[in-house]
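Asker: Only the shape, not the letters, is given here:
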């Protein structure tokens, strides 16, 4: 079965430190990969996506993600965390099959950045 | 450009009551989607639409109906609400069905069924 795993329910980081939010997937073929962020009482906002090419993708708000095909991972990173980065982060995968732009979401990881 | 908007923001229903959630987008997107978000489960697709007048079932369609009479609007109906439908509902839209296409989400509707 196709799935996306975000192994950490919560990640705690001190402001100014680098952060990593992990995502691994189990999807056949070469899927497209997305990260979304959800701030409290808000909808999901698109951060970045991997389609092809360079394994390091840069997105909004200073975030980047590294695609690793052999490890089927797409970890979200930021060199220096801000308190305002505290939110719920979702990894999503678009598999090859599916005629309606199907997205498979992970369960989400809550990022808490402490001053 | 408001993007994707949802009405209402919050609603409390009693078991057996009905309601309709409205999603509107002003980006001229062809595809629209309804998801539900439950703790620890990410988002799951309820129904989707590939264009005006067309709808189709997603992963968890039971207990819901949808309509897309106008391109910019996508309605989600609950005919007889159940406590299991307590959730946060998100609408999304995308321009095409291309695999790399980004979906844009509304702010969500929080529904509590007592």
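Answerer: On my side now, so go ahead. Since the model is a prediction, treat every value here as computed from it, not as a measurement.

Asker: Spit out the contact partners of the residue of chain A found nearest chain B.
Answerer: Going by CB to the nearest CB, chain B is nearest to residue A:105 of chain A, at 3.5 Å. Quick note: C-beta positions are derived from backbone N, CA and C, even for glycine. Counting by CB atoms under 8 Å, 6 or more residues apart in numbering or on different chains, residue A:105 touches A:4, A:90-92, B:42-44.

Asker: So which bits of chain A are right by chain B?
Answerer: Contact residues (CB under 8 Å from any CB of the partner chain) of chain A with chain B: A:4, A:9, A:32, A:34, A:36, A:41-46, A:49, A:51, A:90, A:94, A:96, A:99-103, A:105-108.

Asker: Could you give me the PyMOL syntax to select whichever of those residues are buried?
Answerer: To isolate the buried members of the residues of chain A next to chain B in PyMOL, using 16 or more other CB atoms under 10 Å in any protein chain shown:
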select buried, chain A and resi 4+32+34+36+43+44+46+49+90+94+101+102+103+105+106+107+108
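
Asker: pLDDT weak spots in chain B?
Answerer: Within chain B, the ranges that satisfy pLDDT under 70 run B:1, B:97, B:99.

Asker: residue nearest the centroid of it?
Answerer: residue B:34 (2.7 Å; CA atoms, centre = their mean).

Asker: I'd assumed residue B:89 was in contact with that residue.
Answerer: Yes. Assessed by CB atoms under 8 Å, residue B:34 is found in contact with residue B:89 at 6.5 Å.

Asker: quick one: common contacting residues for the two?
Answerer: With CB under 8 Å, 6+ apart as the test, residue B:34 and residue B:89 both reach B:21, B:46, B:76.
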